[in-house]
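S.K.: model the structure of this input:
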Amino acid sequence: MFHTSSPIRLTEALVHADQHWQQQHKTGSEPVPLVFTVALSRETGTYGGAIAREVGNRLRWPVYDSELLQRVAEDLGVRRTLVESVDERQVGWLTECLEALSSAPTLSQSAYVHHLVETLLALTKHRDCVVVGRGATKVLPLASTLRVRLVAPLEHRVEAIRREHGISREEAARRVEATDRARERFVKEHFQMDSAVPRNYDLVLNVARFSLEECVALIIAQRIGKLY
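M.R.: So this is what the prediction gives:
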C-alpha cells in the first residue's frame, strides 16, 4: 500500500515514467515485452470501469470490460444477453442441467469461461490493453501483465453504489454483497484464485484514499516499473 502523495508529485512521477517509456522505445536499449496488459480486479463500488477507461485513455490502449461479452457472444453466435446471464455469476450445476433440457438457447458457465479465456488470450496477444475483471489477473502471463486490485471500506463502496444508481442505502448494501459474493465464487471456481489475497496482485489501491486521477497515475507509473 502506498502512503498518501500530493497530486503534483504523482503527476511528476507519471510524466517521468512516460518519458522513460518513450525513450526506451526510441533507442531500443532495453528489451520489452511485445505487448503489455493492465488487468484490474475490483471490489464492487471501487470505480473499476472508470479507472480502467482513464488508464486506457492516457495510454491510448483499448479497454475490455463489457466489450468482452460482445466478443464472446459473437464467437459463440449467441445473443449478448445470454452471455451476460452467466458473466461473473455463480450458476449452479442443477440450474445448468435444467437449462440444458429446455428448448430455448442456453449457455453453460463452463462453456462461457472456456471461450472467455480464449478471447482474453487472443486479444492480449496482439496489442497492449486494459482488462477489467473476469479472471484476467490469473489467466494472463505474469511477465507482461500488471495485476491491480481496487479495494475500499464497505461503507465507502455502498455509498458509491447508492449514488451511482440512485437507490437506498439498504438496496446498495445488498447489491454490493451479492456482486462481491458472485465475483469471488466465479474466480474461485473457474480460476482457483482467492480474489481477496493481496499477494495475487502487483498493486493494491484503496480508492477511498486516492482520487481517480491518483489511482490512474499510480497504475501507469507501476506499469513502467514492472517493465524495467
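S.K.: and A52, how far from A111?
M.R.: 26 Å (C-beta to C-beta, to the nearest Å). (C-beta placed from N, C-alpha, C; glycine too.)
S.K.: give me the mean pLDDT for the helix or strand encompassing E213.
M.R.: Assigned by DSSP states H and E, E213 falls within helix 212-227. The average pLDDT for helix 212-227 rounds to 85.
S.K.: at which residues are the strands of this structure located?
M.R.: Secondary structure of the chain (DSSP state E): strands located at 37-42, 63-64, 129-132, 145-151, 203-206.
S.K.: just the CA trace of the third one, in PDB.
M.R.: What it means is strand 129-132. What follows is strand 129-132, C-alpha atoms only, in PDB (Å, rounded to 0.1, in the frame of the first residue of the first chain):
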ATOM      1  CA  CYS A 129      -4.700  -3.200 -23.500                       C
ATOM      2  CA  VAL A 130      -6.600  -2.900 -20.200                       C
ATOM      3  CA  VAL A 131      -8.800  -5.700 -19.000                       C
ATOM      4  CA  VAL A 132     -11.400  -5.400 -16.200                       C
END
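S.K.: what's in contact with it?
M.R.: Defining contact as C-beta atoms under 8 Å, 6 or more residues apart in numbering, one finds that strand 129-132 is touched by 35, 37-40, 42, 48-49, 52, 55-56, 59, 61-65, 68, 120, 123-124, 140.
S.K.: circling back to that earlier point, looking at the strands of the chain, which is closest to E74?
M.R.: Set against E74 and scored by C-beta to C-beta, the strands of the chain come closest in strand 63-64, at 13.4 Å.
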